[in-house]
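S.K.: Sequence unavailable; structure follows:
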């Protein structure tokens, strides 16, 4: 499986332009709400073949977007979040595949979400935006596939929350996906995962600038809540080891300051990440997305029996986990892998040594990418 | 080491009354500040023998206090935080030992702290209260020992931050302690530990009701920041397994609510713990104490060489850790243990199977308490 043509050139998909698809058919959502119409922002890389058999859908995680690869003409540094994976000659080779990235419904990068104008009021949806779930996102993605003329994906993949969407595709649309690729994910959140999400949500909900979710009309943003949520998130994305190696107990200015400013490098890093995130991400999207994470549980309607829930799948699977990922540990991926195997499905499982924790799925570790490359090479189109 | 007299009765020290010691000698603090005078609130259990050779000091952790054992006459449910350990016939047997609990300087249970009146202004110290460190606490504890006529402790012990104080005693006052008992602690915080503390601090510091630390004069309390800090803390006190067992994905009312109230039992638990804590604990004490945790590092003045730093110790040691404690993992206790052993010191080390995570040190696990009992039985007085 680890064959890798070392001479293959890895280059960028280059300049990309996001596109927008309008959908005027009402969509009913799992939480009981609905949207009369909506837009999805997406990007594509490579060319759809005549049989439309080479399409690959990349699903994004909590803070990701449709911008998976390449860069924008006016922003040369705006590399897509999985640019190291997707491109001509890269593991997900755009010379072979037609790759799609899409911003989820409820997102804040252009798809219809809480920041969008509610046609009924002429004001941003805010707190009135309906709850969305992983299943809703996948339902909406099937409409985008229809719109693009794609009956069946060669593969649907994603890391973390993106992996959950890939898994859901294989369970509820088994005839529309040939390969499910579930990376650094879990079949459901643990109590500890939910706990971290809840602290992050409480930080936002209790920020006086949140205004019950309708902060847009007050001209403010719950910057502080978002900042705390992101700082906390970053702790769970890294491993204890990665933090020790990257920051350790290094002091920013040599000595202890005996004040509540920054003493340690790790504090400075968290402040930077928190401030940056709070400057562009929408708080309502954050809230909705963490709830979608919490609720995801394919076994819920199967009396908690994961194996029974997975019986619906027909796809082949690639499942990967990272040794130091304590947010979604290898144990959780193995649970998924065994559940799939017990249903007689083909599963390639890679448990990868990496010090970088949950974030590993975004990095271009040589073994990880070699495994991905080999798997994609074996997909027939 | 695991001998345990099963017939020994375990009973309570009964009704206890806190006492207050006044100190009128100025104390210079490590952070550069000083206090002209201060009070310490403490409790004692058992009787100091004629040679004053049976005294044991119990140091408390972040949210602990001087109230280690027994209960208050008017509050029968006000059991001390280590009541399962301390009492007649209990592992730390008050028939043999004279046990002292003391609220640390900067605390909020009666010892001089940010809530106390600053004699220079007639108002609460608030933001003007000086920074305190583990070393300052230990220095102050030596004064309490002098005041009580105790030249040398039979043992100084504590869990978590309390264990760090016990360790500091053995290093800077090697002639004043015969046994150092360091439980569920670490020789210093990791980057991840500091990161969690920093998120908790930022939650408090950014609460609009914090008022730069002088919230007392505004008649408010940064309830929300404290609540977030405590919710986050509780995640790190439990283990993933303990949370899974105790709460799992159990829904409070059966179904998903598609709202931002409580869906899962774990959320309810965190809210309860956060609300309770925010109702009584002082935010400035929380801030100061987490900084004391971050700064503690006996090897700091030894070029990071822990073994060299430990060479000052003369005591015998009891070091204990718990398998599922991911806040201060067994690896960190082993680091301490090996450092002590390489200095030729006597070390008893117990690595205890427990599902309860960091909180295990507060529980009465049978093997843990048997190990403690045996160690205390072997201490000569």
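M.R.: Arrived safely, thanks for sending. Just so it is clear, the structure is predicted and the values come from calculations on it, not from any experiment.

S.K.: can you give me phi and psi for residue A:283?
M.R.: When read as degrees, to the nearest 10, the backbone of residue A:283 gives phi -60, psi -40.

S.K.: Tell me the spacing between it and residue A:152.
M.R.: Using Cβ to Cβ, to the nearest Å, we find residue A:283 at a distance of 37 Å from residue A:152. Backbone N, C-alpha and C define where each C-beta goes, glycine included.

S.K.: List the buried residues for the lowest-mean-pLDDT helix or strand in chain A?
M.R.: Using mean pLDDT, DSSP states H and E, the weakest-scoring helix or strand in chain A turns out to be helix A:240-246, at a mean of 93. Residues A:240, A:241, A:242, A:243, A:244, A:246 are the ones in helix A:240-246 that count as buried (16 or more other Cβ atoms under 10 Å in any protein chain shown).

S.K.: What residues does the last one make contact with?
M.R.: Neighbour list for residue A:246: A:238, A:269, B:191 [criterion: Cβ atoms under 8 Å, 6 or more residues apart in numbering or on different chains].

S.K.: Tell me the most packed of these, by neighbour count.
M.R.: residue A:238 (28 neighbours; other Cβ atoms under 10 Å in any protein chain shown).

S.K.: Using the three-state scheme, assign residue A:51.
M.R.: Secondary structure assignment for residue A:51 (DSSP: H, G, I helix; E, B strand; the rest coil): coil.

S.K.: ok, for it, nearest residue in space, not its chain neighbours?
M.R.: Spatial nearest neighbour of residue A:51, chain neighbours left out: residue A:381 (8.0 Å); criterion: Cβ to Cβ, 6 or more residues apart in numbering or on different chains.

S.K.: Please apply the same query to residue A:230.
M.R.: Here the residue nearest residue A:230, using Cβ to Cβ, 6+ apart, is residue A:277, at 3.9 Å.

S.K.: Also residue A:198?
M.R.: Closest to residue A:198 by Cβ to Cβ, 6+ apart is residue B:267, at 4.7 Å.

S.K.: So which residues on the stretch 251-381 of chain A come close to chain B?
M.R.: For the stretch 251-381 of chain A, the residues in contact with chain B (Cβ under 8 Å from any Cβ of the partner chain) are A:256, A:258-260, A:263-264, A:266-267, A:270-271, A:274, A:287, A:291, A:294-295, A:297, A:326.

S.K.: and if we set it to 10 Å?
M.R.: The stretch 251-381 of chain A has residues A:251, A:255-271, A:274, A:287-288, A:290-291, A:294-295, A:297, A:299-300, A:304, A:326, A:329, A:331 near chain B, with proximity defined as Cβ under 10 Å from any Cβ of the partner chain.

S.K.: Any quick PyMOL command for the buried ones out of the residues you listed?
M.R.: To isolate the buried members of those in PyMOL, using 16+ other Cβ under 10 Å:
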select buried, chain A and resi 256+257+258+260+262+263+264+265+266+267+268+269+270+271+274+287+288+290+291+294+295+297+299+326+329
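
S.K.: from the residues of the stretch 251-381 of chain A next to chain B, which ones fall inside strands?
M.R.: Using DSSP state E, the subset of these located in strands is empty.

S.K.: would you list every one of the strands in the stretch 51-200 of chain A?
M.R.: A:55-59, A:86-87, A:92-93, A:98-102, A:117-118, A:123-124, A:155-159, A:179-183 (DSSP state E, counting those that start in this stretch).

S.K.: just so I know, which of these lies nearest residue B:121?
M.R.: strand A:123-124 (47.6 Å; Cβ to Cβ).

S.K.: Quickly note the distance from residue A:281 to chain B.
M.R.: Remark: distance between residue A:281 and chain B (Cβ to the nearest Cβ, to the nearest Å) = 17 Å.

S.K.: Now distance to residue B:28 too, for the buried residues of helix A:240-246, in a markdown table please.
M.R.: As requested, the buried residues of helix A:240-246 are exported to a markdown table (distance: Cβ to Cβ, whole Å):
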| residue | distance to residue B:28 |
| --- | --- |
| A:240 | 36 |
| A:241 | 39 |
| A:242 | 39 |
| A:243 | 34 |
| A:244 | 33 |
| A:246 | 36 |
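
S.K.: How about the contacts made by residue A:237?
M.R.: A:61-63, A:160, A:230, A:273, A:325-327, A:356-362 (Cβ atoms under 10 Å, 6 or more residues apart in numbering or on different chains).
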